[in-house]
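Undergrad: From the sequence below, what's the structure:
(one chain, ligands or ions: 1)
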Amino acid sequence: MTAAEAVRPLAGSSYSKAVVSPIMTDEQPLQLPQDKPAEPASPAVFAPPPVAPQAAVQAADDSDKLVFSRLRPLGQIDLTYIVAAADDGVYFIDQHAAHERVLYERIAAKAKTCGNASQQLAIPLALDFTPAETLLLIDGINNLRDLGFILEFFGDNSFVLRGVPQWYVYSEPDMLLRRLLDIVCDEQVDITHLRADQLFRAACRSAVKANQLLNMTDMVKLFQDLDASANSATCPHGRPLAIKLTNAEIRKRFLRGGI
Ligand SMILES: [Zn+2]
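TA: Numbering: from 1, shown residues only. The predicted model follows:
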């Protein structure tokens, strides 16, 4: 067994879930677990002090820039979140958002050197779209060419994709075009005025894999990549990458008060 395999059982184990899940729910992050003991007879006297939501689970980026490689990765929950320890608390990192941020920065840097140049596909791809998508693509075909796509309309709802932007180094180039159409539709973007950053986000969407099992080496590498990114506070869509549960909040939840 390799060292990498040895750490895998940590990921998503029932132990991690039992300990961490109650504070991970988006809607009610600060509720005590439902099976908490019955209320004391005189709640006014014995109730724990109310928890201030903002102080308890705070976005990790609200003070200084978080240095991810200083964290000690502990494992993975639900193939979605990395749990990592720091001296002053525990961090939960959305691995999908983190991966998206790393890819986005990498793509933007590569696009800077490649510009709008195209790369020809070794084998052109015949693609079918819905009638609505076909109308969009016909409208946007010139702008797509300026962004590096070589796309030809083939009649009915068919196109041939002959080339993609040179900076696109991932597999499934047709997915880049399809994710781009998703962004155009979801965000009601005018396809004749697509911007490069929208294209980069489409590239991230097509390249990031959801529910990926990460071993400790993967987590450490991801942390290093985040530290190398100019912006590691949010994903390219603005969602936070990390939330923090402070030691003080953990103490409060165990009703330890000042002890
Ligand atoms: Zn995102």
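
Undergrad: And Ala122, which helix or strand is it part of?
TA: Taking DSSP states H and E as the definition, Ala122 sits inside strand 118-128.

Undergrad: for the stretch 51-200 of the chain, what are the low-confidence residue spans?
TA: Low-confidence segments of the stretch 51-200 of the chain (pLDDT under 70): 51-63.

Undergrad: and if we set it to 50?
TA: Applying pLDDT under 50 to the stretch 51-200 of the chain flags residues 51-56, 61-62.

Undergrad: Spell out the secondary structure type for the residue of it found nearest the ion.
TA: As assessed by C-beta to the ion, the ion sits closest to Glu100 within the stretch 51-200 of the chain, at 4.7 Å. All C-beta spots, glycine's among them, are computed from the backbone N, C-alpha and C. Under the three-state scheme (DSSP: H, G, I helix; E, B strand; the rest coil), Glu100 adopts helix.

Undergrad: Against Arg145, how distant is the residue nearest the centre of the chain?
TA: In the chain, the residue lying closest to the centroid (C-alpha atoms, centre = their mean) is Ala97, at 1.3 Å. Applying C-beta to C-beta, to the nearest Å, the value for Ala97 to Arg145 is 32 Å.

Undergrad: likewise Arg162?
TA: 11 Å.

Undergrad: what is in contact with those two at once?
TA: Counting by C-beta atoms under 8 Å, 6 or more residues apart in numbering, the shared contacts of Arg162 and Arg145 are Leu151.

Undergrad: Could you pull out the helices in this structure for me?
TA: 3-7, 14-20, 43-46, 53-56, 95-114, 131-146, 173-186, 196-207, 216-228, 247-253 (DSSP state H).

Undergrad: Minimum distance to Ala122: which of the ones you listed has it?
TA: helix 173-186 (10.5 Å; C-beta to C-beta).

Undergrad: before we move on, back to that, so the residue of the stretch 51-200 of the chain closest to the ion makes contact with Ala202?
TA: No: the pair Glu100 / Ala202 is not scored as a contact, 11.5 Å apart, by C-beta atoms under 8 Å.

Undergrad: check whether stretch 235-252 contacts the ion.
TA: Yes: on the criterion C-beta under 5 Å from the ion, stretch 235-252 is in touch with the ion at 235, 237.

Undergrad: Give me every residue in the stretch 1-150 of the chain lying close to the ion.
TA: So the stretch 1-150 of the chain meets the ion at Glu100 (C-beta under 5 Å from the ion).

Undergrad: So the chain: which segments form each domain?
TA: For the chain, automatic domain parsing gives the domain ranges 3-100+211-253, 109-207.

Undergrad: Give me the distance from stretch 116-133 to the chain's centre.
TA: Computed by C-alpha atoms, centre = their mean, to the nearest Å, the chain-centroid distance of stretch 116-133 equals 27 Å.

Undergrad: got the buried residues for that stretch?
TA: 118-119, 127, 129, 133 (16 or more other C-beta atoms under 10 Å).

Undergrad: And the residues you listed, which two are furthest apart?
TA: Gln119 and Glu133 (23.3 Å).

Undergrad: Which residues of the stretch 151-259 of the chain lie near the ion?
TA: Counting by C-beta under 5 Å from the ion, the stretch 151-259 of the chain sits next to the ion at 235, 237.

Undergrad: One more pass at 6 Å, please.
TA: 235-237, 239 (C-beta under 6 Å from the ion).

Undergrad: Make JSON lines out of those and add neighbour count.
TA: Shown next, in JSON lines, are those (neighbours: other C-beta atoms under 10 Å):
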{"residue": "Cys235", "neighbour count": "23"}
{"residue": "Pro236", "neighbour count": "20"}
{"residue": "His237", "neighbour count": "13"}
{"residue": "Arg239", "neighbour count": "13"}
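
Undergrad: Thanks a lot, catch you later.
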